Each structure stands twice: as structure tokens, then as C-alpha cells.
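S.K.: return a 3D structure for these sequence lines:
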Amino acid sequence: MSMRKKVLLGSAAIMIAFIGIAFRLYTITRSTPIEPPSSTATSTSFLLPTTGSYVERAQNYTIATNYPTTTPLKTNVGAAADAAALAHIRNYIGDTIAQFKMGLTPLSQKETLQVVYLISSSPHTISYIFTIYENTGGAHANSFFKTFNFNTET
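M.R.: Numbering: from 1, shown residues only. Have a look, this model is predicted:
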């Protein structure tokens with residue numbers, strides 16, 4: 001075997017060992033398993049203000065969120081549909097914040113939760129595309145998406 005192949009194999013083995021150790025240390029530091037927030041929640045233990053944004057800064061974490069305060073459903077379908085859509089979105093974000101806070105560890109580095117959204121529409125639907133960014137002290141931050149789609153005709 002050539003020297004180059006030996007160096008590549010050795011480097012790969014060291015990287016795999018490092019990733020395994022980092023993962024094990026990360027899972028040991030978590031006291032509560034984190035599960036994805038429920039998308040069917042009707043209420044949350046964390047109530048968001050109706051202003052469309054929420055920011056909280058503490059010694060070991062920062063939370064920054066944006067969310068809609070009205071939707072086109074109010075004009076097209078009615079105020080009840082608008083209120084239901086907003087409640088569904090706010091409950092999801094509130095649940096996400098509550099789950100993030102449950103996973104905080106007192107000895108961890110500064111953790112971050114950021115929630116931002118984009119709006120996309122078509123002739124028959126309106127979509128809210130949320131990007132959730134979490135940096136919980138692991139080897140790298142994580143981002144995921146949550147989309148809410150609403151029919152603008154019914």
C-alpha cells in the first residue's frame with residue numbers, strides 16, 4: 001500500500017473516532033431528549049406576544065423569532081380563518097421555544113435559537129416557510145424548515 005493511501009486511511013480513521021467521541025459527549029450533556037415540536041398543538045406553555053417578534057437574551061442563550069401578525073386569509077376567507085392560521089403558527093413557534101429552553105444545560109456554551117420566515121403565494125394558496133436555526137453547543141449548528149400552507153379560497 002502506498003504512503004498516500006496509508007495517510008488517507010489514517011486520517012479517515014481519526015476523523016471517524018473524533019466524530020464518535022464528540023457525539024457521545026454531546027449526548028451525555030443533554031439531560032432531556034429533544035423531540036421535534038408538535039405541529040398539531042392547540043396551545044403552548046410559552047405564549048408569544050402579538051407583536052410579530054420575540055427576543056430573549058440570557059447569560060447562556062439567545063432567542064430571536066419573527067412571525068406574521070396577519071395573513072391574506074383575513075381579506076380572502078375571513079377573520080376567523082386568519083385568527084386560526086395565526087394561532088397555529090404562534091403555537092408551533094411557542095412550542096419550539098419551550099423545547100429549546102427544556103434542552104438548555106447550565107454548563108453549556110451560549111446557545112441560540114433563531115426563527116425567521118418567508119411568504120410564498122400562488123392564486124390559491126399562501127405559504128409561510130420558517131427557517132429554524134439552533135446552535136446548542138454541538139459540533140455544528142442545525143437548521144430545519146417548517147412550512148404552513150393555507151388555502152386562500154376556503
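
S.K.: burial measure for the closest residue in space to residue 53 that isn't next to it in sequence, as a count.
M.R.: The spatial neighbour of residue 53 that comes closest, neighbours along the chain excluded (C-beta to C-beta, 6 or more residues apart in numbering), is residue 66 at 5.0 Å. For the C-beta atoms, the positions are set from N, CA and C on the backbone; glycine is no exception. For residue 66, the count of nearby residues is 15 (other C-beta atoms under 10 Å).

S.K.: show me where this structure has its strands.
M.R.: 53-57, 61-66, 111-121, 125-135, 142-151 (DSSP state E).

S.K.: can you pull the contacts of the most centrally placed residue in the chain?
M.R.: Per C-alpha atoms, centre = their mean, the C-alpha nearest to the average position across the chain is that of residue 132, at 3.1 Å. Residue 132 is in contact with 96, 113, 114, 115, 143, 144, 145, 146, counting by C-beta atoms under 8 Å, 6 or more residues apart in numbering.

S.K.: same thing but 7 Å
M.R.: 96, 115, 143, 144, 146 (C-beta atoms under 7 Å, 6 or more residues apart in numbering).

S.K.: ok, residue 63 touching residue 56?
M.R.: Yes - Residue 63 lies in contact with residue 56 (C-beta atoms under 7 Å); the separation is 4.4 Å.

S.K.: please identify which of these two sits among more neighbours.
M.R.: Shown here are residue 63 and residue 56; by other C-beta under 10 Å, residue 63 has more neighbours (19 against 12).

S.K.: distance of that one relative to residue 100?
M.R.: Remark: distance between residue 63 and residue 100 (C-beta to C-beta, to the nearest Å) = 7 Å.

S.K.: ok, residue 130 next?
M.R.: Distance from residue 130 to residue 100, by C-beta to C-beta: 14 Å.

S.K.: and what of residue 8?
M.R.: 39 Å.
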